[in-house]
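Peer 1: this one's structure only:
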């Protein structure tokens with residue numbers, strides 16, 4: 001199972017060779033990915049090691065012999081880059097303006113329980129009560145059900161029995177049971193997995209937020225949104241594998257429409273980048289459109305590619 005950093009899981013079945021290796025040449029990874037794996041039945045005590053960057057090195061080092069290598073540095077190009085960098089730094093400093101003295105602002109941060117209460121409780125259920133955060137409680141998973149978790153945590157609330165046979169008693173009567181603020185019963189509440197519960201709120205009697213709340217209420221909120229436990233490959237062995245470097249995204253303004261960001265001075269050094277230019281015998285001309293920056297009067301055009309028979313091509317030209 002290949003879990004990419006940006007999401008989107010992919011399941012693969014790969015055959016293990018006689019020498020113990022396995023590979024899939026159709027998989028290309030960028031940045032990093034978590035690989036969850038499980039060996040076939042009957043294979044025990046095996047160690048899996050992912051070999052990264054193990055392609056054989058190219059032996060014919062022509063550049064080391066000085067052939068086809070231009071030793072002269074492009075000092076003019078370096079100077080131009082330095083000039084543009086200085087101009088960008090000057091513009092950034094101008095936009096930042098003057099730095100005032102530090103201003104200290106003191107504010108009370110919300111606790112995780114307060115955040116859960118704002119997220120789940122509404123109306124009369126947002127009032128005072130016993131609050132239990134099951135999202136951040138490491139011991140919540142050890143409870144067999146909701147009633148086992150609440151045992152001994154609420155003063156005056158007596159819980160006898162377990163599961164669907166549990167009995168609740170609080171100040172002479174049975175408290176109301178609600179799931180996501182909807183009335184329910186003990187049998188249904190006992191069937192809910194504790195791992196699916198995010199927040200429990202026990203309202204003291206009398207609770208006026210719902211009918212039958214004279215002896216208090218137990219409100220159970222199931223997980224939603226980013227509180228839902230999503231662990232792909234749980235129980236499987238895993239390894240983090242590094243892939244190709246992430247593709248660099250070049251900024252290209254669109255001056256065909258008015259945007260406030262386009263009104264700033266344009267000092268881009270890379271005006272256009274397109275890694276997917278494909279030509280065919282029927283269509284061997286490609287029209288490329290891009291916007292110039294505010295300072296360039298000439299362009300250095302670099303074209304790199306590969307012919308249909310695998311030969312590499314590089315063309316570099318100055319256009320004014």
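Peer 2: Cool, the structure landed. Note that the structure is predicted; figures quoted are calculated from it, not measured. Residues are numbered from 1 along each chain as shown.
Peer 1: And the strands in this protein?
Peer 2: Ranges of strands in the chain, per DSSP state E, are 2-4, 9-10, 32-37, 130-133, 158-160, 167-169, 176-179, 182-183, 197-203, 217-222, 237-242, 299-306, 312-319.
Peer 1: As TSV, those with distance to residue 260 would be great.
Peer 2: In this view, the C-beta of every residue, glycine as well, is placed from N, C-alpha and C. TSV is the format used below for these (distance: least, CB to CB, whole Å):
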stretch	distance to residue 260
strand 2-4	34
strand 9-10	39
strand 32-37	36
strand 130-133	43
strand 158-160	61
strand 167-169	61
strand 176-179	49
strand 182-183	48
strand 197-203	41
strand 217-222	43
strand 237-242	39
strand 299-306	27
strand 312-319	31
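Peer 1: can you list these in JSON lines and add mean neighbour count?
Peer 2: Converted to JSON lines, the strands of the chain look like this (neighbours: other CB atoms under 10 Å):
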{"stretch": "strand 2-4", "mean neighbour count": "17"}
{"stretch": "strand 9-10", "mean neighbour count": "12"}
{"stretch": "strand 32-37", "mean neighbour count": "17"}
{"stretch": "strand 130-133", "mean neighbour count": "17"}
{"stretch": "strand 158-160", "mean neighbour count": "14"}
{"stretch": "strand 167-169", "mean neighbour count": "15"}
{"stretch": "strand 176-179", "mean neighbour count": "21"}
{"stretch": "strand 182-183", "mean neighbour count": "10"}
{"stretch": "strand 197-203", "mean neighbour count": "23"}
{"stretch": "strand 217-222", "mean neighbour count": "24"}
{"stretch": "strand 237-242", "mean neighbour count": "13"}
{"stretch": "strand 299-306", "mean neighbour count": "12"}
{"stretch": "strand 312-319", "mean neighbour count": "8"}
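Peer 1: Among those strands, which comes closest to residue 275?
Peer 2: Closest to residue 275 of those, according to CB to CB: strand 299-306, at 9.5 Å.
Peer 1: Scan the protein for its longest helix.
Peer 2: Counting by DSSP state H, the longest helix found in the chain is helix 75-96.
Peer 1: tilt between it and strand 299-306?
Peer 2: Computed by axes from the mean of the first three to the mean of the last three CA atoms, to 10 degrees, the angle separating helix 75-96 from strand 299-306 equals 110 degrees.
Peer 1: buried sites along helix 75-96?
Peer 2: residue 84 (16 or more other CB atoms under 10 Å).
Peer 1: Quick one: residues in contact with that helix.
Peer 2: 264-265, 267, 269, 295, 300 (CB atoms under 8 Å, 6 or more residues apart in numbering).
Peer 1: Map the structural domains onto the sequence of this protein.
Peer 2: Domains of the chain are assigned by automatic domain parsing as 112-227, 248-320.
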